[in-house]
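K.L.:
just to be clear, the model below is a prediction. Sequence and coordinates:
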Amino acid sequence: MSTNRPAVEAPEPPSSDAHASRPDPVGLTGDELGVIRRVRDSLRSIRFGTVLIVVQDGKVVQIETAEKIRLR
């Protein structure tokens, strides 16, 4: 017995250009979006390491990135 189901195709991953055209999330200030973008950029720039976010009085005041280089 066979059923006539449409073929399901996996969606294509969004290109990096698609992210630039997305609307900003509702309810975030420009400063908050800037912090999120900086954290994202820090995460994308390292392969091994840490990203430390320092908060004072409920606001991000510092983002530290420490990269480890593995020599094997």
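P.N.:
Arrived safely, thanks for sending.
K.L.:
residues touching the residue lying closest to Val35 once chain neighbours are set aside, list them.
P.N.:
Leaving aside its chain neighbours, Val35 sits nearest to Val60 (4.8 Å; criterion: CB to CB, 6 or more residues apart in numbering). Where C-beta positions appear, they are placed from N, C-alpha and C, glycine not excepted. By CB atoms under 8 Å, 6 or more residues apart in numbering, the residues touching Val60 are 35, 53-54.
K.L.:
quick one: the strands in the protein?
P.N.:
49-56, 59-67 (DSSP state E).
K.L.:
any chance of those strands in a markdown table, plus distance to Asp31 and mean pLDDT?
P.N.:
A markdown table is the format used below for the strands of the chain (distance: least, CB to CB, whole Å; pLDDT from 0 to 100):
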| stretch | distance to Asp31 | mean pLDDT |
| --- | --- | --- |
| strand 49-56 | 13 | 97 |
| strand 59-67 | 8 | 96 |
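K.L.:
closest to Leu28 out of the ones you listed?
P.N.:
Nearest to Leu28 among these is strand 59-67; the distance by CB to CB comes to 12.7 Å.
K.L.:
listing partners with orientation, what would you give for that closest one?
P.N.:
Paired strands of strand 59-67, with direction, are strand 49-56 (antiparallel) (DSSP bridges).
K.L.:
show me what counts as buried in the strand it pairs with.
P.N.:
Val51 (16 or more other CB atoms under 10 Å).
K.L.:
same deal with stretch 36-48?
P.N.:
In stretch 36-48, counting by 16+ other CB under 10 Å, buried: Ser42.
K.L.:
show me what the mean pLDDT comes to for that stretch.
P.N.:
For stretch 36-48, the mean pLDDT works out to 95.
K.L.:
can you tell me what sits against that stretch?
P.N.:
Contacts to stretch 36-48, defined as CB under 8 Å, 6+ apart, come from residues 28, 51, 53, 63, 65, 67-70.
K.L.:
just the CA trace of that stretch, in PDB.
P.N.:
Extracted in PDB, the C-alpha atoms of stretch 36-48 (Å, rounded to 0.1, in the frame of the first residue of the first chain):
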ATOM      1  CA  ILE A  36      23.500  41.800  21.600                       C
ATOM      2  CA  ARG A  37      25.300  42.500  18.300                       C
ATOM      3  CA  ARG A  38      28.600  42.900  20.100                       C
ATOM      4  CA  VAL A  39      28.200  39.700  22.000                       C
ATOM      5  CA  ARG A  40      27.200  37.900  18.800                       C
ATOM      6  CA  ASP A  41      30.300  39.300  17.000                       C
ATOM      7  CA  SER A  42      32.500  38.200  19.900                       C
ATOM      8  CA  LEU A  43      31.100  34.700  19.800                       C
ATOM      9  CA  ARG A  44      31.600  34.500  16.000                       C
ATOM     10  CA  SER A  45      35.200  35.700  16.200                       C
ATOM     11  CA  ILE A  46      36.500  32.900  18.400                       C
ATOM     12  CA  ARG A  47      36.800  29.100  18.000                       C
ATOM     13  CA  PHE A  48      37.900  28.200  21.500                       C
END
